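**Q** sequence first, then the predicted structure, then my questions.
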Amino acid sequence: MQRLSTSDADFAERFAAIVDDRRESDAGVSDKVAQILADVRQRGDAAVRELTETYDRHRLDWRIPASECEAAFAALAPEARDALTLAADRIRSYHAAQLPEDRDYRDEAGVRLGARWSAVDAAGLYVPGGNAAYPSSLLMNAIPAKVAGVERLVVATPTPDGVVNPLVLAAAHLCGVDEVWRIGGAQAVAALAYGTETIARVDVITGPGNAWVAEAKRQLYGVVGIDMVAGPSEILVIADGQSNPAWIAADLLSQAEHDPSSQSILITDDAAFANTVEAEVEALLGQLATGERARLSWQDYGVVIVASDLLAEAPALANRLAAEHVEISTDDPEPIFAALRHAGSVFLGRHTPEAIGDYVAGPNHVLPTGRRARFASGLSVLDFMKRTSFISLTEAALGAIGPAAVTLADIEGLPAHGTSVKVRL
Ligand SMILES: NC(=O)c1ccc[n+]([C@@H]2O[C@H](COP(=O)([O-])OP(=O)(O)OC[C@H]3O[C@@H](n4cnc5c(N)ncnc54)[C@H](O)[C@@H]3O)[C@@H](O)[C@H]2O)c1
Ligand SMILES: N[C@H](CO)Cc1c[nH]c[nH+]1
Ligand SMILES: [Zn+2]
């Protein structure tokens, strides 16, 4: 963990190094992913089988039958079933409001114009499963895909040592997923994108994952559509000295426990509070079953920044970090929120822990990482849809705007373009 103060002489340099650190996608990961993608493209099932044996240590059939998902749902304890259903209902109602409307109108020149939205045919939904199981990510992927109207929903999820998490299967049943494949990592993303002898390819791949999964999606963009790069989790907490240090420590570790490559950052204007949070983090690390992973993340990538003035300094720093999650723990978070422009998702006020967004609030928890909130947004219904524009002219409308097209075709030196208009005029 490194500690900085905005009044340090070398603050600008050290902060820039933190912003520029490509912690999740070094050359090693990128080269290895490129090899895996090429291998799966060439050898299909055989490559996926070998890589699954290497990384997930099993040789089981990959396809998990729908009957197993249905049985997993039926066997859920009431508390788990209620929690899953509550989460699914809230996520569905939030995403239903994202459905876009078609446009169809005639402009002042008499030209009919519009755009029609349609869903992709098949979506590959990556549900992580290496260090933890993620039924919540299944909901976050599958529900917007269903709302969009995707016909074929294909889940890929690793099952280390062949052990499957029943809640993931139950969530697949609840969401009406069509296929569940127990494969993970870059090889699963490649199988979904290229197709293999047993897995038919998809049109878009969405969902979160570790460095290998995120890099595979990034490299395959263009072969398939992707939502965005959603890699190892991140949290930035902006907290004043009146915040509860134990709450803030838990918030920081809630994302550190995902992955040794995760990142947790605290910005506060109270140095004594920063000391207490650091002590609380140490205490909590000793108690968590995930402490080893969280400690690696906190040691290597944790950051504590003491600012001189929270409102004046924190928003600009946060905008440069463009973190996946930003929590604002103050009595009145609005002034800081108003100045925030680059963040995946924002959690306002002392009683809004980030974990509520991970599970039950409603907005999607699949969010851009690695400073990509500068240009990308969280997963939405629109990631499973595309827009087709349309144009329709009458003879009179062609007469009104056609001559300008002829002029532009002449300027571009493309005479067949101009002729196709002129012959109709
Ligand atoms: N940004 C988001 O929206 C979001 C949401 C949820 C989870 N996450 C992130 O998802 C990730 C889940 O990671 P996970 O590891 O638990 O599961 P995962 O399913 O993402 O990754 C497991 C797979 O990684 C591959 N792998 C592991 N080590 C490898 C190596 N050395 N070389 C090549 N491939 C290797 C294996 O194929 C394995 O099946 C975490 O980083 C978490 O923070 C992000
Ligand atoms: N925090 C993760 C997104 O970075 C999502 C998640 C799922 N389960 C727990 N957390
Ligand atoms: Zn989380």
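**A** Yes, it's here. Ligands and ions are numbered 1, 2, ... in the order given.

**Q** what number of residues lie near the residue of the stretch 1-150 of the chain found nearest ligand 2?
**A** Using CB to the nearest ligand atom, the closest approach of the stretch 1-150 of the chain to ligand 2 is made by Ser136 at 4.5 Å. C-betas here are computed from N, CA, C, even on glycine. The tally of other residues near Ser136 (other CB atoms under 10 Å) stands at 21.

**Q** give me the distance between the nearest residue to it once chain neighbours are set aside and Gly195.
**A** Counting by CB to CB, 6 or more residues apart in numbering, Tyr359 is the residue found nearest to Ser136 once chain neighbours are left out, at 5.3 Å. Distance from Tyr359 to Gly195, counting by CB to CB, to the nearest Å: 33 Å.

**Q** kindly report the same for Ala142.
**A** Ala142 is 20 Å from Gly195, by CB to CB.

**Q** got it, and Ser5?
**A** Distance, Ser5 to Gly195, by CB to CB: 53 Å.

**Q** what of Thr407?
**A** Counting by CB to CB - Thr407 and Gly195 are separated by 47 Å.

**Q** coming back round to it: check whether the helix or strand containing the residue of the stretch 1-150 of the chain closest to ligand 2 comes near ligand 1.
**A** Using DSSP states H and E, Ser136 sits in helix 135-148. Yes. Against ligand 1, helix 135-148 shows contacts by CB under 6 Å from any ligand atom at Ser137.

**Q** what's in contact with the helix or strand just after that helix?
**A** From helix 135-148 onward toward the C-terminus, using DSSP H and E, the following helix or strand is strand 152-156. Residues outside strand 152-156 that contact it (CB atoms under 8 Å, 6 or more residues apart in numbering) are 121-127, 138, 141-142, 145-146, 172, 175-181, 183-184, 188-189, 191-192, 199, 202.

**Q** mean confidence for strand 152-156?
**A** The average pLDDT within strand 152-156 is 99.

**Q** adjacent strands (with direction) for that strand?
**A** strand 122-126 (parallel), strand 179-181 (parallel) (DSSP bridges).

**Q** any residue of that strand touching ligand 1?
**A** No. With CB under 6 Å from any ligand atom as the criterion, ligand 1 is not reached by strand 152-156; the gap is at least 8.9 Å.

**Q** rewinding a little: isn't the residue nearest to Ser136 right up against Ser137?
**A** No. With contact defined as CB atoms under 8 Å, Tyr359 and Ser137 do not form a contacting pair (10.4 Å).

**Q** so for the two, which sits in the more crowded spot?
**A** Shown here are Tyr359 and Ser137; by other CB under 10 Å, Ser137 has more neighbours (29 against 17).

**Q** for the chain, what lies in contact range of ligand 2?
**A** So the chain meets ligand 2 at 134, 136-137, 233, 255, 324, 358, 365 (CB under 6 Å from any ligand atom).

**Q** helix/strand/coil for Ile328?
**A** With DSSP: H, G, I helix; E, B strand; the rest coil as the basis, the three-state label of Ile328 is strand.

**Q** show the model's pLDDT score for the residue in the chain that ligand 1 sits nearest to.
**A** Distances between the chain and ligand 1 by CB to the nearest ligand atom are smallest at Gly185, namely 2.1 Å. The score at Gly185 is 98. That number is its pLDDT.

**Q** what do you get for Tyr94?
**A** 98.

**Q** again with Val204
**A** Reported pLDDT for Val204: 99.

**Q** so it sits against Phe384, correct?
**A** Yes. Applying CB under 8 Å as the test, Val204 and Phe384 come out as touching, 6.4 Å apart.

**Q** many thanks, we can stop here.
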